[in-house]
Structures are given as structure tokens and as C-alpha cells.
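Novice: I'll drop the sequence and a predicted model, then ask my questions.
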Amino acid sequence: MIAKIKVPGGQKVCGVVPVSGAKNAALPLLASSILSNNGLRLNNVPKLLDVDTMFSLLESLGATCQVVKNSVYNDSVELKTDSIHNFTAPYDMVKKMRASILVLGPLLARCGRCKVSLPGGCAIGVRPIDLHLKGMEALGAAIDLKNGYVHATAKNGLRGADFEFPIVTVTGTENIMMAAVLAEGTTVLKNAAKEPEIVDLANCLNKRGAKISGHGTDTIVINGVSGLREAEYDVLPDRIEAGTYAIAAGITGGSVDLIGGNFEELLPSFMDKMKQMGLELSAIENGTRVKCSGKLSSASVNTEPHPGFPTDLQAQTMALMCLVEGESNIFESIWENRFMHVAELMRMGADITVSGAHASVRGVKQLRGAPVMATDLRASFSLVLAALAAKGDTIIDRVYHLDRGYCCVKEKLAGCGVTVERIN
Ligand code: EPZ
């Protein structure tokens with residue numbers, strides 16, 4: 001396993017970034033293939049460790065996932081799920097990737113039963129699934145927790161119901177929406193998550209014959225159907241990857257053309273904040289240009305569910321703030337432990353104070369390269385960003401975190417005139 005990456009400092013990121021398909025859209029879309037024995041072909045599937053993990057999980061259930069076409073940064077995948085013969089998502093898979101919980105709803109809806117390991121915590125927090133389970137019970141499932149596993153059954157099938165989420169949950173909304181697609185009758189989900197990835201999942205399900213409306217708002221209505229037809233669908237571009245490379249331009253005084261979608265539309269709050277800090281944004285053909293041509297201003301950020309500022313861009317934005325004169329503030333209101341990149345940034349000379357969910361960042365003139373350690377997926381890229389702007393070389397350890405959610409980093413940075421080196 002190539003575990004480290006060496007990032008020489010003082011590099012300027014200037015070039016074109018082909019944005020891959022969204023990890024957080026591809027994972028629920030792959031899980032949704034379980035809902036029907038008719039095939040699903042997904043295009044623009046990103047080449048990521050987490051996607052490979054989902055392939056392994058689906059294949060362990062009896063599905064086949066065949067890459068039928070691969071381009072440099074994305075694959076087309078043919079999913080055949082006519083023979084689901086196993087209904088267990090085991091601990092060793094679920095602990096690797098929390099999004100494995102997304103097979104719960106589809107297995108319950110299609111097969112009337114499943115056994116899914118409780119995900120356990122991860123670096124950024126406890127990450128409970130109580131709302132996923134309450135939603136399934138609202139649809140008539142019987143839920144039993146035993147030996148670290150969720151045993152869920154719906155002997156007489158699922159029935160539509162009204163369910164209000166006490167807090168906004170992205171995969172919780174996705175799980176219940178998928179289960180409701182085959183339920184008897186109508187389901188109304190209130191306080192639903194509004195992320196573009198949820199809209200993408202609903203659009204794919206509707207293309208297969210589901211009857212979903214209101215996706216993208218906080219009230220989603222699903223009229224149950226008896227089955228889904230086969231279809232082909234393109235995964236939407238990854239707004240978090242796009243935002244990450246936008247910050248790469250900002251922190252190095254460069255410019256990137258983010259190709260693959262309208263990222264001002266997909267990242268409204270984030271792009272507003274980047275403009276407020278002084279980055280120049282402009283629409284280009286099939287993309288968005290982000291340019292940094294002068295001094296940036298400090299800012300305050302509060303992470304919120306979409307369309308608020310995405311928590312998945314918090315760590316990267318903090319890296320940018322480390323080199324902006326004055327005091328910036330970050331309030332992380334989604335995850336209780338998503339500041340692990342702070343200690344690593346401070347090893348590089350950043351001046352950050354954390355108190356609970358609040359981090360205050362005072363800009364410094366320069367960061368210095370140092371050996372640092374990636375702690376979670378998005379934190380790993382915040383260290384790459386800081387390293388690109390630092391003086392001297394940075395060696396980032398545990399870089400498998402990066403490979404979970406970012407494909408072809410070396411190649412995409414090389415396309416922007418930047419060299420990074422993988423070392424054992
Ligand atoms: C999704 O995680 C994303 N993952 C995360 O991205 C992202 O950070 C998160 O949404 C928030 O936007 C995928 O889509 C695969 P939540 P998810 O359920 O669905 C609490 C990345 O970097 N909660 O929206 O697991 C929870 O503790 C990853 O790509 C409950 O209390 O997040 C959190 O405080 C990291 N009970 C809040 O809700 C539940 O049953 C939001 O969590 C579920 C969630």
C-alpha cells in the first residue's frame with residue numbers, strides 16, 4: 001500500500017481540472033441497484049476506493065458490477081442484480097465505509113429482510129444511524145439490534161407513511177427514500193436533506209419508473225410502485241472535489257478551470273464565500289473558472305446542510321484561511337470531531353485556536369513544510385493544499401484517506417503544473 005505523498009512547497013496551481021463523478025452520489029446510486037432485478041448502467045462513476053468497497057459489498061450480496069468502459073477519471077458500470085441471495089452487510093465492510101448503510105433500505109424494500117452491521121464511529125464522529133432505523137420502522141419494518149448488527153424485517157412488505165426527520169440527514173434521507181420507492185402507498189418525508197446528490201438519486205429512480213417529487217426541497221413525496229425498469233444514468237459531477245481544487249487555486253495564487261458542471265450552482269454558499277474572500281469566479285463552457293489574482297480577505301464560515309456551507313469543504317477552507325491576513329472563524333455544526341486537521345496544520349506553522357465547535361484562524365505570513373498525518377478524507381486534502389503553498393517539502397502519511405474520495409490527484413495536479421510524488 002503506497003502510504004505517503006510528498007508535496008514540494010511554493011507551487012502555483014494553474015490549469016484545467018476535469019471534475020470526476022460525485023462520490024456521494026455514486027454510492028447511493030450503486031446501492032439503489034438492489035431495488036430491482038432489472039439492470040442499471042451508471043456512467044461517470046469516479047475511480048475511488050469507496051466505490052470499490054461498494055462494488056465488493058454489492059457483489060457479496062449477489063449482484064455483479066462490471067466496468068464496461070473506463071476513461072481516465074471515470075468508469076461506466078453495468079450492475080446486474082437479478083439474483084440477490086445474501087442479505088448481510090458484514091462489520092468488516094461497514095466499518096471500512098459508513099455509506100455501506102445505504103444497502104439497508106433497498107434490501108428491505110426488495111427482499112423484506114436484511115442484517116447490516118452498525119457502522120461504528122469514524123474519525124469525524126460517532127455517526128449514529130438511529131434516524132435511518134426510525135424511518136424504516138415508520139414504513140412498517142421490524143428493527144432488532146443484536147451483537148452489533150441491525151436485524152430488519154418487513155414480512156408483509158413496506159407501507160408508505162409520513163416521517164419527519166428531527167435533524168437533516170443526507171444518507172438517512174437517501175435510505176428512506178429508496179425504501180419508500182417500493183412501499184405500498186404514499187410516503188411523505190419532512191425535513192428531508194436537499195443536497196444535489198439526493199436530487200441525482202431521485203432523478204435516476206424516476207428514470208427507472210419511480211414516482212418521486214419534491215426532491216431538492218425539504219419535503220419529498222414518494223408514491224410506491226411495484227418495480228423499476230432498467231435504465232442508464234450519468235452520475236452528477238463532484239462538487240466537493242471541485243470546491244477543493246478551487247481552494248488549491250486560491251491558496252497558491254493560481255487559477256483553475258473546473259470542467260464538468262456549473263459549480264456556482266452546485267456550491268452556492270461556498271462560492272459566495274470564495275467571492276467574498278476575493279477569488280474571481282466566472283462561467284466557462286461546461287464549467288467554472290476560479291482565479292486568485294490578489295490579496296484575500298478573512299471570513300467567517302458556519303457549516304450547514306445544503307444549500308448552506310458544506311461541512312465537506314470545511315477542512316480545505318481552513319487551510320486557505322491559514323494564509324489570509326487577519327482572523328477568520330469556522331463553526332463546524334454538523335460533526336462533533338471534524339477539527340483533526342488543526343493539529344497537523346499547526347505543525348506547519350498555522351495559528352489556530354479551537355474551542356468546541358469553533359475554530360479561530362489567524363493568518364500567518366508563511367507555512368512551513370513538515371511531516372504530517374492525514375486523519376480523514378477531507379482533512380487529507382487540506383494538508384495537500386497547505387503543503388502546496390508552504391515553504392519546503394511536506395510528507396503526508398496515511399494517504400489512503402485521500403484515495404477514498406479523490407481520484408487521480410497526482411494526475412489532476414500535474415494538469416495544473418504541480419508535481420506531487422507518491423512514496424512508500
Ligand atoms: C453524508 O454523510 C456524507 N457522506 C458526508 O460526507 C457529509 O459530511 C454528510 O452527509 C453531511 O453533509 C455521504 O453522503 C456518503 P448525515 P451522512 O447523516 O449521511 C447526525 C465525505 O467527506 N445523524 O447527514 O452520514 C450525524 O451525527 C463524507 O464525503 C444522527 O444523529 O451524514 C450528523 O451530526 C464525510 N442520526 C448529522 O446528523 C442519524 O441517524 C448529519 O449527518 C443520522 C445522522
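Specialist: That came through fine.

Novice: what about Ile247, which SS state?
Specialist: Here Ile247 is helix, with the state taken from DSSP: H, G, I helix; E, B strand; the rest coil.

Novice: Next, the contact list for it, please.
Specialist: Contacts here follow CB atoms under 8 Å, 6 or more residues apart in numbering; on that basis Ile247 touches 274, 313, 316-317, 319-320, 385. Placement of C-beta: from N, CA and C, glycine included.

Novice: Can you find the helix or strand in the chain with the smallest mean pLDDT?
Specialist: Least confident helix or strand, the chain: helix 91-94 with a mean of 88, by mean pLDDT, DSSP states H and E.

Novice: does the ligand sit close to the helix or strand just after that one?
Specialist: If you walk from helix 91-94 toward the C-terminus, the next helix or strand you reach (DSSP states H and E) is helix 104-111. No: Helix 104-111 does not reach the ligand (CB under 6 Å from any ligand atom); its nearest approach is 11.0 Å.

Novice: buried stuff in helix 104-111?
Specialist: Across helix 104-111, burial judged by 16 or more other CB atoms under 10 Å covers 104-111.

Novice: Kindly report the same for stretch 124-143.
Specialist: Counting neighbours by 16+ other CB under 10 Å, one finds that the buried residues in stretch 124-143 are 124, 127, 129, 131-133, 135-136, 138-141, 143.

Novice: I'd like those residues laid out as CSV, including secondary structure, pLDDT and distance to the ligand.
Specialist: Formatted as CSV, those follow (DSSP: H, G, I helix; E, B strand; the rest coil; pLDDT from 0 to 100; distance: CB to the nearest ligand atom, whole Å):
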residue, secondary structure, pLDDT, distance to the ligand
Ile124, coil, 72, 6
Arg127, coil, 71, 5
Ile129, coil, 92, 5
Leu131, helix, 96, 3
His132, helix, 96, 5
Leu133, helix, 96, 7
Gly135, helix, 98, 8
Met136, helix, 98, 11
Ala138, helix, 98, 13
Leu139, coil, 98, 15
Gly140, coil, 98, 18
Ala141, coil, 98, 15
Ile143, strand, 96, 12
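
Novice: Check these against Ser297 and report the nearest one.
Specialist: Using CB to CB, Ile124 comes nearest to Ser297 of those, at 28.2 Å.

Novice: Next up, the contacts around that closest one.
Specialist: Applying CB under 8 Å, 6+ apart, we find Ile124 in contact with 335, 337-338, 340, 376.

Novice: Sitting in helices, which of these do you find?
Specialist: Counting by DSSP state H, the contacts of Ile124 place Met340 in helices.

Novice: In ChimeraX, select just the buried ones from the contacts of Ile124.
Specialist: Buried members of the contacts of Ile124 can be picked out in ChimeraX with the line below, counting by 16+ other CB under 10 Å:
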select :335,337,338,376
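
Novice: So which of the contacts of Ile124 reach the ligand?
Specialist: Restricting those to those near the ligand by CB under 6 Å from any ligand atom leaves Trp335.

Novice: got the contacts of Ile124 as a markdown table, with distance to Lys412 and pLDDT columns?
Specialist: Compiled in a markdown table, those are given as follows (distance: CB to CB, whole Å; pLDDT from 0 to 100):
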| residue | distance to Lys412 | pLDDT |
| --- | --- | --- |
| Trp335 | 26 | 92 |
| Asn337 | 29 | 86 |
| Arg338 | 24 | 94 |
| Met340 | 24 | 95 |
| Asp376 | 20 | 90 |
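
Novice: Go through stretch 186-202 and flag the buried ones.
Specialist: 187-189, 192-202.

Novice: just to revisit the earlier point, closest one to Ser117 out of the contacts of Ile124, please.
Specialist: Set against Ser117, the nearest of these by CB to CB is Asp376 (20.1 Å).

Novice: correct me, but that closest one touches Phe339?
Specialist: No: the criterion here is CB atoms under 8 Å, and Asp376 misses it with Phe339 at 10.5 Å.

Novice: Can you pull the residues of the stretch 301-424 of the chain lying near the ligand?
Specialist: 311-312, 334-335, 377-378, 405.

Novice: Now look at stretch 9-29 and say if it contacts the ligand.
Specialist: Yes: on the criterion CB under 6 Å from any ligand atom, stretch 9-29 is in touch with the ligand at 23-24, 27.

Novice: show me what contacts the closest residue to Val199 other than its chain neighbours?
Specialist: Distances taken as CB to CB, 6 or more residues apart in numbering put Gly216 closest to Val199, at 4.5 Å, once the chain neighbours are dropped. Taking CB under 8 Å, 6+ apart, we find Gly216 in contact with 194, 196, 198-199, 202.

Novice: Gly216 and the ligand: what is the separation?
Specialist: Distance of Gly216 to the ligand, computed by CB to the nearest ligand atom, to the nearest Å: 15 Å.

Novice: And Val364, how close does it get to Met318?
Specialist: Distance of Val364 to Met318, computed by CB to CB, to the nearest Å: 13 Å.

Novice: could the buried residues of helix 104-111 go into CSV alongside pLDDT?
Specialist: As requested, the buried residues of helix 104-111 are arranged in CSV below (pLDDT from 0 to 100):
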residue, pLDDT
Leu104, 96
Gly105, 97
Pro106, 98
Leu107, 97
Leu108, 97
Ala109, 97
Arg110, 96
Cys111, 95
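
Novice: ok, the residues you listed vs the ligand, which is closest?
Specialist: If you rank the buried residues of helix 104-111 by distance to the ligand using CB to the nearest ligand atom, Leu104 comes first, at 11.0 Å.

Novice: these two touch, right, the closest one and Glu137?
Specialist: No: with contact defined as CB under 8 Å, Leu104 does not reach Glu137; the gap is 12.0 Å.
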